[in-house]
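A.B. asks: What would the 3D arrangement of this be:
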Amino acid sequence: MMNVKFCRIDDRLIHGQVVTTWVNVHKIEQIIILNEAVEKDKIQTNVLKMSSPPNIKLHVFSPEKFMEIIKTNPIKRSTMLLFSSVFDVEKIVDAGFPLERLNIGGMRLNGDRERLTKAVALSPSEKDVFKKLMDKGTVVEIQMVPSDSAENLKGVI
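C.D. replies: The predicted structure follows:
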């Protein structure tokens, strides 16, 4: 999977836990956020870049643009892929990106989501996508910070 060291869904994207813990644990040199709405929102992109440590390179792409770019530009830096939605994960997996592990950090309760754990709430359609990913062999774990024990999503759904 090139130099992708860690893949995480967190609806808050860049925040203290991401920056201070996961980046250090996985020796991350760059974070790539994959979300079309964020890519189009230059103000949010700039805020996210300001929130990142100066030594971490931050890129924001739509899943489609990311898949286009990596065809000719393989990832060379130690990288974290960061998603705000499982639907963006589904897009890159369906486009052929191999995803062995996926960490869920936070998906807050809203709309038609049902609370599964303290930090994770899922809608029926999100559950379906996670089941599809797990059926394809992706290990999906809920873990807010590295010091927490990881909980396999399969046992929660």
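
A.B. asks: alpha carbons only for contacts and neighbour counts from here, please
C.D. replies: Will do.

A.B. asks: C-terminal to the helix or strand bottoming out on mean pLDDT in the chain, what's the next element?
C.D. replies: Sorting the helices and strands of the chain by mean pLDDT, DSSP states H and E puts helix 16-17 at the bottom, at a mean of 80. Per DSSP states H and E, the first helix or strand lying C-terminal to helix 16-17 is helix 23-25.

A.B. asks: Give me the contacts around that following helix.
C.D. replies: 29, 80, 146 (C-alpha atoms under 8 Å, 6 or more residues apart in numbering).

A.B. asks: what sits against the last one?
C.D. replies: In other words, residue 146. 21, 22, 25.

A.B. asks: what about 7 Å?
C.D. replies: Residue 146 makes contacts with 21, 22, as judged by C-alpha atoms under 7 Å, 6 or more residues apart in numbering.

A.B. asks: helix, strand or coil for it?
C.D. replies: coil (DSSP: H, G, I helix; E, B strand; the rest coil).

A.B. asks: before we move on, back to that, of all the contacts of helix 23-25, which comes closest to residue 38?
C.D. replies: Closest to residue 38 out of those is residue 80 (16.6 Å), distances taken as C-alpha to C-alpha.

A.B. asks: Does the closest one touch residue 2 like I think?
C.D. replies: No: with contacts counted by C-alpha atoms under 7 Å, residue 80 stays clear of residue 2, the gap being 11.3 Å.

A.B. asks: more neighbours, those two?
C.D. replies: A side-by-side neighbour count of residue 80 and residue 2, using other C-alpha atoms under 10 Å, places residue 80 first with 24 against 12.
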